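Engineer: I would like to see how this sequence folds:
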Amino acid sequence: MLSRRKIFTLGLQHVMAMYAGAIAVPLIVGGALHLTAEQMAYLIAADLFTCGIATLLQVLGTRYFGSGLPVVLGCTFTAVGPIIAIASTSNLATAYGAIILSGLFVVLIAPLYGRLLRFFPKIVTGSVVTIIGLSLIPVAMNNVAGGQGSSDFGAPRNLMLALITLLVILLVNRLAKGFLRSISVLVGLFVGTVVAYSMGMVHFGSVGEASWVRVAQPFYFGIPEFSLTAIVTMVIVNIVSMVESTGVYIAVGKAIEQKVEQKQIVNGLRSEGLAIMLGGFFNAFPYTAFSQNVGLISLTKVKTRNVIFAASGIMIVLGLLPKLAALTTVIPNAVLGGAMIVMFGSVAASGISILSEVNLRNDRNLMIVACSIAVGLGSAVLPDMFGQLPSFAQTLLQNGIVTGSITAVLLNIILSRKGEMFDNAEEDETTSGMASDAGDSTQMKAGISSQTT
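Structural biologist: I've put the predicted structure just below:
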């Protein structure tokens, strides 16, 4: 049984793991729209506050909302371009009106989406989880080099900081035991930041300028306005996020070695829809399950939901106390990159572990895995190949998780003989225990696992 202090520390580790991604979206959107410093500060505070609320809704797991899985929610990067485009051609109020209605769409469509999960046997889910991990590796490496667009990108000191952070995490994970081992990532971030401070790379100016208290304000940028084009655009964005979140649920299931039922995935997506609406209400962002934290669960082996409850509480407090939130921004990108290598690599390893349960000596299975990973990773690494397509097609196809998932599902259907489509392969006799939303007792072989409370 973990003490409150240990639960808080593990929760803080989850917050630190996802923090860079959480604040990157408001920084990018705010910068592109030329918002004032005050408006930027509000965006970051509101985003953290709603991240905390959204995560809490997800972890609680009621009858209709929340998966009950140890999943952390954060703003989706898929929405960055569309939000900037909508706000640039009209205004932010129109963007937030579209976000609210697209969130309602997710809530309503989740049960129908759940019925399609039978098209995700192990051969598909393993490929999708592997793609998620591999597609995140370039993000880690960009941070290792100092962050895309930084003036010192690729500087030796950045590479050294990332290496030190990575080595500390590996050494603590290898040599330490018990609780200290479970917070190896947090220890690595701390040591890396201390080393960076000694090199003059840590600055506390943003902490001094931040206010102590800031309460999220409904409709900060004005009463929502509605445009059909904007709504359709955000609906497409959230369909992409639903596919991403499904992969994250699968990866979490594998990490905690338990079954995840179809109803949990449906309820989880309903909860995400509610979180998206909340993001529109507080003028924050659409939310989705964060892949960063899956790798952390795999690394620490801590499965209890209490840790994620603690993480959600910490994010809510950070959203209300901007000065504390600013304190966490002093961690250099290179230090974060060193930690990301371990976490994102763990996600890819989880996918490979799922695929290890599939007979890859079967030519059909081998072809599905090979093509889906190649297409998914290619789309993630070189999204510009779709630059001349219509904007809605770019939104879908530039996301490697979506293209890889579509490829895996279609190839599984096309290459399967009768009776094989949902069985993963004739040689695969393992069932996944994914029950239908209506309580159908038939168990499908999806390799999806669930979480213990």
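Engineer: burial count for Asn323?
Structural biologist: Actually, residue 323 is Lys. It isn't Asn. As a burial measure, Lys323 scores 16 neighbours (other CB atoms under 10 Å). Backbone N, C-alpha and C define where each C-beta goes, glycine included.
Engineer: that one and Tyr220, how far apart?
Structural biologist: Separation of Lys323 from Tyr220 (CB to CB, to the nearest Å): 20 Å.
Engineer: likewise Pro383?
Structural biologist: 31 Å.
Engineer: now swap in Gly147 and tell me
Structural biologist: Noted for Gly147: a distance of 28 Å to Tyr220, by CB to CB.
Engineer: who has more neighbours out of these two?
Structural biologist: Taking other CB under 10 Å, Gly147 and Tyr220 do not tie; Gly147 has more neighbours (19 against 15).
Engineer: how would you label that one: helix, strand or coil?
Structural biologist: On the three-state scheme (DSSP: H, G, I helix; E, B strand; the rest coil), Gly147 is labelled coil.
Engineer: that one contacts Met340, doesn't it?
Structural biologist: No. In this structure Gly147 lies outside contact range of Met340 using CB atoms under 8 Å: 11.7 Å.
Engineer: now the end-to-end length of stretch 164-184.
Structural biologist: The stretch stretch 164-184 measures 13 Å between its terminal residues, going by CA to CA, to the nearest Å.
Engineer: touching it from outside, list them.
Structural biologist: For stretch 164-184, the external contacting residues (CB atoms under 8 Å, 6 or more residues apart in numbering) are 2, 6, 9-10, 13, 185, 187-189, 191-192, 195, 299-302, 334-335, 337-339, 341-342.
Engineer: now with 10 Å?
Structural biologist: Applying CB atoms under 10 Å, 6 or more residues apart in numbering, the contact partners of stretch 164-184 are 2-3, 5-6, 9-10, 12-13, 144, 185-196, 296, 299-302, 307, 331-332, 334-343.
Engineer: out of the residues you listed, name the ones that lie in helices.
Structural biologist: Mapping the contacts of stretch 164-184 onto helices (DSSP state H) picks out 5-6, 9-10, 12-13, 144, 185-196, 296, 299-300, 307, 334-343.
Engineer: show me where the stretch 251-400 of the chain has helices.
Structural biologist: Counting by DSSP state H, counting those that start in this stretch, one finds helices in the stretch 251-400 of the chain at the ranges 262-281, 292-300, 305-320, 322-327, 333-355, 363-381, 391-397, 400-415.
Engineer: rounded mean pLDDT for the shortest one, please.
Structural biologist: Averaging the model's pLDDT scores along helix 322-327 yields 70.
Engineer: check the gap between Val25 and Ile276 for me.
Structural biologist: Separation of Val25 from Ile276 (CB to CB) stands at 13 Å.
Engineer: more crowded one of the two?
Structural biologist: Ranked by neighbour count (other CB under 10 Å), Val25 and Ile276 place Ile276 first, with 34 against 22.
Engineer: correct me, but the more buried one touches Ala54?
Structural biologist: Yes. Counting by CB atoms under 10 Å, Ile276 touches Ala54, with 8.3 Å between them.
Engineer: run through the stretch 51-200 of the chain and note the low-pLDDT ranges.
Structural biologist: Counting by pLDDT under 70, the stretch 51-200 of the chain has low-confidence residues at 81, 178.
Engineer: please, where are all the helices along it?
Structural biologist: 80-89, 92-115, 122-144, 156-175, 178-182, 184-198.
Engineer: export the longest one to CSV, keeping only CA atoms.
Structural biologist: As requested, the backbone C-alpha atoms of helix 92-115 are provided in CSV (Å, rounded to 0.1, in the frame of the first residue of the first chain):
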residue,chain,number,x,y,z
LEU,A,92,-11.4,32.4,-31.4
ALA,A,93,-15.0,32.4,-30.4
THR,A,94,-15.8,30.5,-33.6
ALA,A,95,-13.1,28.0,-32.9
TYR,A,96,-14.4,27.4,-29.4
GLY,A,97,-18.0,27.0,-30.6
ALA,A,98,-16.7,24.3,-33.0
ILE,A,99,-14.8,22.6,-30.2
ILE,A,100,-17.9,22.4,-27.9
LEU,A,101,-20.1,20.9,-30.6
SER,A,102,-17.4,18.5,-31.8
GLY,A,103,-17.1,17.3,-28.2
LEU,A,104,-20.9,16.6,-28.1
PHE,A,105,-20.4,14.6,-31.3
VAL,A,106,-17.8,12.4,-29.6
VAL,A,107,-20.1,11.8,-26.7
LEU,A,108,-23.0,10.7,-29.0
ILE,A,109,-20.9,8.7,-31.5
ALA,A,110,-18.8,6.8,-28.9
PRO,A,111,-21.3,3.8,-28.7
LEU,A,112,-21.3,3.4,-32.5
TYR,A,113,-17.5,3.6,-32.6
GLY,A,114,-17.4,0.9,-29.9
ARG,A,115,-19.2,-1.5,-32.2
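Engineer: and it, how far out from the chain middle?
Structural biologist: Distance, stretch centre to chain centre, for helix 92-115: 18 Å (CA atoms, centre = their mean, to the nearest Å).
Engineer: just want the angle from that helix to helix 262-281.
Structural biologist: Interaxial angle, helix 92-115 versus helix 262-281 (axes from the mean of the first three to the mean of the last three CA atoms, to 10 degrees): 180 degrees.
Engineer: whichever of the contacts of stretch 164-184 end up buried, select them in ChimeraX.
Structural biologist: Command for ChimeraX that selects the buried part of the contacts of stretch 164-184, burial taken from 16 or more other CB atoms under 10 Å:
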select :2,6,9,10,12,13,144,185,186,187,188,189,190,191,192,193,195,196,296,299,300,302,307,331,332,334,335,336,337,338,339,340,341,342,343
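Engineer: now for Val25 and Ile276: what residues contact both?
Structural biologist: With CB under 10 Å, 6+ apart as the test, Val25 and Ile276 both reach 75-76, 79, 284-286.
Engineer: Ile250: which of those is nearest?
Structural biologist: Thr76 (17.4 Å; CB to CB).
Engineer: neighbours of Ser356, just the number please.
Structural biologist: The tally of other residues near Ser356 (other CB under 10 Å) stands at 10.
Engineer: Trp212: which of the helices of the stretch 251-400 of the chain is closest?
Structural biologist: Closest of the helices of the stretch 251-400 of the chain to Trp212 is helix 322-327, at 5.3 Å (criterion: CB to CB).
Engineer: where does the prediction get shaky in the stretch 351-453 of the chain?
Structural biologist: Low-confidence segments of the stretch 351-453 of the chain, defined by pLDDT under 70, span residues 395, 417-453.
Engineer: now the helix or strand harbouring Glu244: buried residues?
Structural biologist: Per DSSP states H and E, Glu244 falls inside helix 228-256. Buried residues in helix 228-256, counted by 16+ other CB under 10 Å: 230-231, 233-256.
Engineer: with stretch 148-155 instead?
Structural biologist: Ser150.
Engineer: contacts for it next, please.
Structural biologist: Contacts for stretch 148-155 (CB under 10 Å, 6+ apart): 138-139, 141-147, 158, 161, 201, 332-334.
Engineer: and that stretch, how far out from the chain middle?
Structural biologist: In terms of CA atoms, centre = their mean, the gap separating the centre of stretch 148-155 from the centre of its chain is 25 Å.
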